[in-house]
Structure formats: C-alpha cells, structure tokens
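*Asks:* Quick one: sequence plus predicted model below, questions after.
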Amino acid sequence: MARIEDQFSPAIAATGAGRLPRGGIDAAFRIAARYLAIVLLLIAWEAFARSGKVTPFMLPPFSAVVARIHTDAVAGHLWLDLGLTVYRALAGFFIAACGGIALGAAMSRMASIRWFFDPIISVGFPMPKIAFLPIIILWLGVYDVSKISMVVFDAIFPVVTATIAGLAAVDKELIWSARNMGAGERELTWQVALPAALPQILTGLQVALPIALIVEIVVEMAMGGYGLGGATMSASRFADSRGVFAGIVEIAIVGYALIRAMSFIRRRLLVWHDEAEERA
Amino acid sequence: MTRTIIRYLPLLMLALAWEAAPRLGLVSALALPPLSHVAVAWVDLVRDGELVDNGLTSIYRGTAGLLLAVVIGGGLGVAMASWRRLDLFLKPLVEVFYPLPKSALIPATALWLGLGDGSKILLILLGCMIPVTIGAYNGARGSDHALIWSARSMGANRARMLWDVFMPSALPELLNGIRTALALSFILLVSSELISAQRGFGYLIGYLGDTGSYEGMVAVVLTVAVLGFAADRLYQRLMQWLLRWRE
C-alpha cells in the first residue's frame, strides 16, 4: 500500500547526488535547513496565534501548548497516557508482525492454506477495517483487548502480503544450492528463505507501523479511557483547545520517534544486504 | 468460471459459517446476527433512505477531500521537485508531518470547523496530502535527466516540460501515492464520522449500534467495507489504463 519515508530519503539522496558536491559543508547546510524549517514553522505558529487573527481557542500559541505539556508531564498523567498508547500500539504491531510473517510463510509453503487465505487477504486488505470497530467493541468491550485486537486486525494485512511477495522473490538457485548442501526444511526456512526475504518483510512492517499508530489513536478516541488519543479527545469534548494541541504534538512526537526507530532497526538488520551499501 | 468459484470458495464458506453459527446457537445472535438477517436489514435501510442519505454525505466528503489532496498535494510535490529552494525548505516539513498518525487531527478539525462536512473534508485533505506529495515528488525527481535535457535542448518551455516530460515519468509514483491516499481517506472518513458527526456512514454505524439494532449496524459496516474494496479495485483498473503505454 504505502511507499514510505525510508524509500523517500534514498530517492532524494540518489537524485540529489548527481547535481551537488556532497561535501561536509553541503551536509551541514542540509541539516541546518532541516531544523531551520521546523523552527520557522513553530515561530510562524506562535506569531500567527498571537497576531489576533485567530482566537486562542482556535489556535493556542505554541508556547502555551508547551506549557500545557509541561504541566501534564509534572502532574504525571502524560506518562501514563504515553505509556499506554505506546504499549497498545506496539503490542498490536508485534502480534501483527509475528502472525503476519507466520501466515505469509505458511501461505507460501502450503497450497491448501494459500487457497483458503488468499481471497480473504486480497479482499480484506483494501477494506477500511476501522468500520468494524463497533462490532469489535460489541464483542470484546472497550479495554485493552479490544483496542489491541483492532490494531492487529488492521496492521496484519501489509505484513502478510509483503512476506508472500518477499518469499516468492527469493532466488531459486539460493534454495536449490542450500538444499543441495543438505539443508533441511526448517533450516531452509529460517536460515535461507526468511533472511533473503527480509528486506521486503521489513518494508511490510514499515507500512504496518504507521497503520498501527493511526488505528490505536482512533480506537482510543472512540472508546475513551487513558491514552494520548483518549486524552486529546476528552480535551476536545471539554473545548480545551490547549489540551487538544498538546495531544497532537505529543502524538506527533511518538509517531516520529517510533518510525525513526523502525528505520534504524531496518538499517541494523540489513547491514549484510546490498541495500546498506547503496546508502553509504 | 469454475476457477473463480474455487478461488472465492473460502469467502463463501465464511459466509455460510457466519449464517450457521448463530442459527445453531454456537454464538449469540445478538453478537453475530445471521447474514440473512443482515441482508434484510440492509434492504430496509436502503428502502427508508437512511443508508443512501448518509452514504451520499460520506461519499461527498471523501471525494472532495481526496480531490483537494490530490490537486494540492500533487502540485506541491511537483513544485518541490522543480524548485530547489522550495525543496530545501519544505522537505523537512514533509518528513516531520509524514509520520504523524493522521487520526490525531480529528479533534483539531472538529474544533476548527465543527461536526459537519467542512471538518471531514479538511481532515481528509490534511491526512491524504502527504502520500500524494511524496509520490509526485519522487516521481518528478526520478525523471530521466537525459530526457529532460533533450526536451530542453529541443526548445520545450516550462509548461510543456511539465506536461510532456515530468507528468508521464512521474505518473507511476504519483498514482501509487494516490492509492495510499485513497485507502487513508476511507480510514479517516469513517473514523472521524464514528467519533464526531451527525451524518454519514460512521455516524449511522454508531447510531444503529447505540440503539441496539445490530443487524443494521453490521449491514452498514459491510457496505463501507465493500465500498472501500470496490474503490481500490476501480482505482487499480484506472491505474492500469493510465499506464498502458508502459511496456
């Protein structure tokens, strides 16, 4: 489904390289430009909010939002909300990752399993599964189990399809030679096929992670309770706009940190792969 | 024909299991109303116009938001790819907003524009813009330099370049970005309507659930799911048609 930031940056690096000398000064300039743009955006936010063109209710100044985040952090409920959101999003993501890889591998190995799940996956993937939320609430209630289930339900599809595509693209000669050298089925799966398919599987996981975060925030908003999404929504219900914008900033930071961490993990796991050399 | 049946047999089996489980008392009919009851409820909802009214509202919101996202996001991506200064300034912002879980914006758009169409359209615009921008940007940046140089040396002006050189080479990536945006638009539309709205599919699902008519609720959920699936398949067809000159 998604092409991601991780494919976004190499494309920039690759196309930019032809035109510019890639010296230290240029790199420093890029980094400066990156932070400058963000700082300018925040200054523009502050100035616009104070200009009197909008009410503080519509857009509270950035400084007021930061002050609000600080109070929440000191009072402690920021950490509770943050912890619960990250816990549920990651728990769902890990279950979807393990389940998705297992299902994808099983579907590539066994024709009967592929026959049964293939139409379900291909029909289910493009469906907006979030619409099933009230049914999940009806079945599982409004606590962690139903929130995590919803995340798994949404995030598993890209993992399954990426695993199948990755395993299908594994070099046949690799499999033959491993088999020739006496690798058993189990070794073949764990030591040859899955590592060879890893880049694509990781791409699938990188698609699944933002989905897991989006869904986690939505289910918290819909079901209430603790969590960053729930806190932001209840701030909105009480017309507490500082709380709303504090929530958005907090959620943005969590999203940014987790997605950065994921691309870091990708680089570490694929040090052996050609992809790593292309980047260097 | 038989191949199609064999291929989709598992879905049919699931549908039969769904019908049988509540009838045989394996699960409560309240938790899982039999599929036939859901079908009856669906017909009722269509007859009394509720499904159509709310559906048209949702489709209007989704289409408007997505079109705006494609025009603004695509334009931004191409502009970033064409002007280096704009690129230096905007790329960091795109990279910061890309990982934002877009659903976080639901309360903000509700705060700004209330519960009606405007807040949903703005949400979809903001949420779906970035994948389109990235697609257009990557596509336009990836245009073959030899192609650009030869077009330029043959005297193509900027507008012609944009249309004849950038567009075709940016198209595959752009279309992929729009596909991501299409899927996102459904997610954002339905979730914002579930959370805060007075009309639309999501509202209807929540309303029917709250009043305990679970057959109707499931019928609307399935309608939305089928629409999302159909939209993606139609879009894939469109993509193939637009890219038919490749190969």
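*Replies:* Right, received. Where do you want to start? For clarity, every value in this text was computed on a predicted model and none was experimentally measured.
*Asks:* model confidence over stretch A:174-189, on average?
*Replies:* Average pLDDT, stretch A:174-189: 82.
*Asks:* Now do the end-to-end distance for that stretch.
*Replies:* 12 Å (Cα to Cα, to the nearest Å).
*Asks:* Return the set of buried residues in that stretch.
*Replies:* Using 16 or more other Cβ atoms under 10 Å in any protein chain shown as the burial criterion, the residues of stretch A:174-189 that qualify are A:178, A:183, A:188-189. All C-beta atoms are positioned from the backbone trio N, CA, C, and that covers glycine.
*Asks:* Tell me the gap between it and the middle of its chain.
*Replies:* How far stretch A:174-189 lies from its chain's middle: 34 Å, per Cα atoms, centre = their mean, to the nearest Å.
*Asks:* Over to stretch A:67-80?
*Replies:* 25 Å.
*Asks:* before we move on, what about stretch A:66-83?
*Replies:* 23 Å.
*Asks:* Now that stretch: average pLDDT?
*Replies:* Mean pLDDT, stretch A:66-83: 92.
*Asks:* got the residues of the stretch 101-250 of chain A near chain B?
*Replies:* Residues of the stretch 101-250 of chain A that fall close to chain B, judged by Cβ under 8 Å from any Cβ of the partner chain: A:115-120, A:123, A:126-135, A:137-139, A:210, A:213-218, A:221-222, A:229, A:232-233, A:235-236, A:239, A:241, A:244-245, A:247-248.
*Asks:* need the longest helix for chain B.
*Replies:* Longest helix in chain B by number of residues (criterion: DSSP state H): helix B:50-82.
*Asks:* Contact partners for the most centrally placed residue in chain B?
*Replies:* The centre of chain B sits closest to B:Leu182, judged by Cα atoms, centre = their mean, with a distance of 2.4 Å. Listed by Cβ atoms under 8 Å, 6 or more residues apart in numbering or on different chains, the contact set of B:Leu182 reads B:66, B:128, B:231-232, B:235.
*Asks:* Next: A:Val219.
*Replies:* Neighbouring residues of A:Val219 by Cβ under 8 Å, 6+ apart: A:133, A:146-147, A:150-151, A:229.
*Asks:* Report pLDDT for the closest residue to chain B within the stretch 151-280 of chain A.
*Replies:* Residue of the stretch 151-280 of chain A nearest chain B, by Cβ to the nearest Cβ: A:Ser236 (3.5 Å). Note for A:Ser236: predicted pLDDT of 88.
*Asks:* Please enumerate the helices of the stretch 1-150 of chain A.
*Replies:* A:5-17, A:24-50, A:62-75, A:77-109, A:111-124, A:133-140, A:144-168 (DSSP state H, counting those that start in this stretch).
*Asks:* An error on my part: the question was meant for chain B.
*Replies:* So, for chain B - with DSSP H - the helices run B:2-23, B:35-47, B:50-82, B:84-97, B:106-113, B:117-141, B:145-153, B:158-160, B:167-195, B:201-210, B:214-242.
*Asks:* just to revisit the earlier point, does chain A sit close to the longest helix of chain B?
*Replies:* No - applying Cβ under 8 Å from any Cβ, one finds helix B:50-82 separated from chain A by no less than 8.8 Å.
*Asks:* Low-confidence ranges, chain A, go.
*Replies:* Within chain A, the stretches with pLDDT under 70 are A:1-26, A:275-280.
*Asks:* give me that answer again for 50
*Replies:* Within chain A, the ranges that satisfy pLDDT under 50 run A:1-21, A:279-280.
*Asks:* Mark out where each domain of it begins and ends.
*Replies:* Domains of chain A are assigned by automatic domain parsing as A:15-54, A:58-279.
*Asks:* still on that earlier bit, for the contacts of B:Leu182, pick the one with the most neighbours.
*Replies:* Ranked by the number of neighbours (other Cβ atoms under 10 Å in any protein chain shown), these place B:Cys128 first, at 30 neighbours.
*Asks:* For it, give me its contacts.
*Replies:* B:65-66, B:69, B:73, B:102, B:181-182, B:184-185, B:188.
*Asks:* what pLDDT does it get?
*Replies:* With respect to pLDDT, B:Cys128 scores 93.
*Asks:* That one and A:Ala212, how far apart?
*Replies:* Distance, B:Cys128 to A:Ala212, by Cβ to Cβ, to the nearest Å: 19 Å.
*Asks:* what's the answer for B:Asn176, then?
*Replies:* 21 Å.
*Asks:* neighbour count winner among those two?
*Replies:* Comparing B:Asn176 with A:Ala212 by other Cβ under 10 Å, the one with more neighbours is A:Ala212, at 29 against 20.
*Asks:* residues contacting that one?
*Replies:* Counting by Cβ under 8 Å, 6+ apart, A:Ala212 has contacts A:89-90, A:92-93, A:96, A:151, A:154-155.
*Asks:* any idea which helix or strand carries it?
*Replies:* helix A:194-223 (DSSP states H and E).
*Asks:* So which elements touch the next helix or strand after that helix?
*Replies:* Once the chain leaves helix A:194-223, the next helix or strand it forms, by DSSP H and E, is helix A:228-237. When contacts are defined as 3 or more Cβ pairs under 8 Å, 6 or more residues apart in numbering or on different chains; DSSP states H and E, helix A:228-237 sits against helix A:77-109, helix A:194-223, helix A:241-269, helix B:106-113.
*Asks:* CA atoms only for helix A:228-237, dumped as CSV, please.
*Replies:* The C-alpha coordinates for helix A:228-237 follow below in CSV (Å, rounded to 0.1, in the frame of the first residue of the first chain):
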residue,chain,number,x,y,z
LEU,A,228,-2.9,10.0,24.2
GLY,A,229,-5.8,9.7,21.8
GLY,A,230,-8.4,9.4,24.6
ALA,A,231,-6.8,12.4,26.4
THR,A,232,-6.9,14.5,23.2
MET,A,233,-10.5,13.6,22.5
SER,A,234,-11.7,14.4,26.0
ALA,A,235,-9.9,17.7,25.8
SER,A,236,-11.8,18.4,22.6
ARG,A,237,-15.1,17.4,24.3
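*Asks:* and the angle for that helix with helix A:194-223?
*Replies:* Helix A:228-237 runs at 30 degrees relative to helix A:194-223, counting by axes from the mean of the first three to the mean of the last three Cα atoms, to 10 degrees.
*Asks:* buried ones in helix A:228-237?
*Replies:* Those would be A:228-236, for helix A:228-237 by 16+ other Cβ under 10 Å.
*Asks:* one step back: just name the most buried of the helices of the stretch 1-150 of chain A.
*Replies:* Scoring these by mean neighbour count under mean count of other Cβ atoms under 10 Å in any protein chain shown gives helix A:144-168 as the most buried, with a mean of 23.
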